[in-house]
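> Build the 3D model from these lines:
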Amino acid sequence: MSEHPLKIFEKVDADLLELVENARKLALGDGALPKKFKLLIAMALDASTGAVQGVKSLAQAAMQAGATKQEIAEAMRVTQYISGVGSIYTAAQALKELF
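Down below sits the predicted model:
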């Protein structure tokens with residue numbers, strides 16, 4: 001992804017963008033769970049809701065945080081078990097360029 005998907009809010013509502021960014025930092029920063037695991041969870045949730053670009057972006061971030069392709073694949077196993085095969089079609093679209 002070349003441009004931040006919420007960039008428009010820099011002009012439209014900078015306070016909202018700041019709120020979203022602060023929530024992202026709180027949710028995805030290292031804590032009791034490492035950042036890598038949190039990104040894999042977020043990726044799985046995006047796959048379950050059909051958000052192809054979100055899966056792609058979060059998979060890239062997870063790999064930058066140390067996740068392996070095998071960990072991403074196992075996260076997708078859990079996603080399929082909970083959310084069904086549609087989530088795997090979403091993930092396949094997102095991951096084909098990364099893998």
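> what about the helices in the protein?
In the chain, the segments counted as helices under DSSP state H are 9-12, 14-28, 35-49, 52-64, 69-83, 85-95.
> could you give the angle of the fourth one to helix 14-28?
It refers to helix 52-64. 50 degrees (axes from the mean of the first three to the mean of the last three C-alpha atoms, to 10 degrees).
> Any figure for the gap between E18 and G86?
Using C-beta to C-beta, to the nearest Å, E18 is found at 34 Å from G86. C-betas here are computed from N, CA, C, even on glycine.
> related to what we said a few turns ago, can you redo the helices of the chain as a markdown table with mean neighbour count?
A markdown table is the format used below for those (neighbours: other C-beta atoms under 10 Å):
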| stretch | mean neighbour count |
| --- | --- |
| helix 9-12 | 12 |
| helix 14-28 | 12 |
| helix 35-49 | 21 |
| helix 52-64 | 20 |
| helix 69-83 | 15 |
| helix 85-95 | 18 |
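> Tell me which residue is most central in this protein.
In the chain, the residue lying closest to the centroid (C-alpha atoms, centre = their mean) is L58, at 2.9 Å.
> How about that one, nearest residue that isn't a chain neighbour?
The shortest distance from L58 to any non-neighbouring residue, by C-beta to C-beta, 6 or more residues apart in numbering, is to M43 (3.8 Å).
> try F99
Once flanking residues are discounted, F99 sits nearest to K69: 6.0 Å by C-beta to C-beta, 6+ apart.
> ok, now how distant is the one you found from A75?
Distance, K69 to A75, using C-beta to C-beta: 11 Å.
> Check Q64 too.
15 Å.
> Likewise for L28?
For L28, the distance to A75 - C-beta to C-beta - is 15 Å.
> Ok, A92 next?
Here the criterion is C-beta to C-beta. By it, A92 lies 14 Å from A75.
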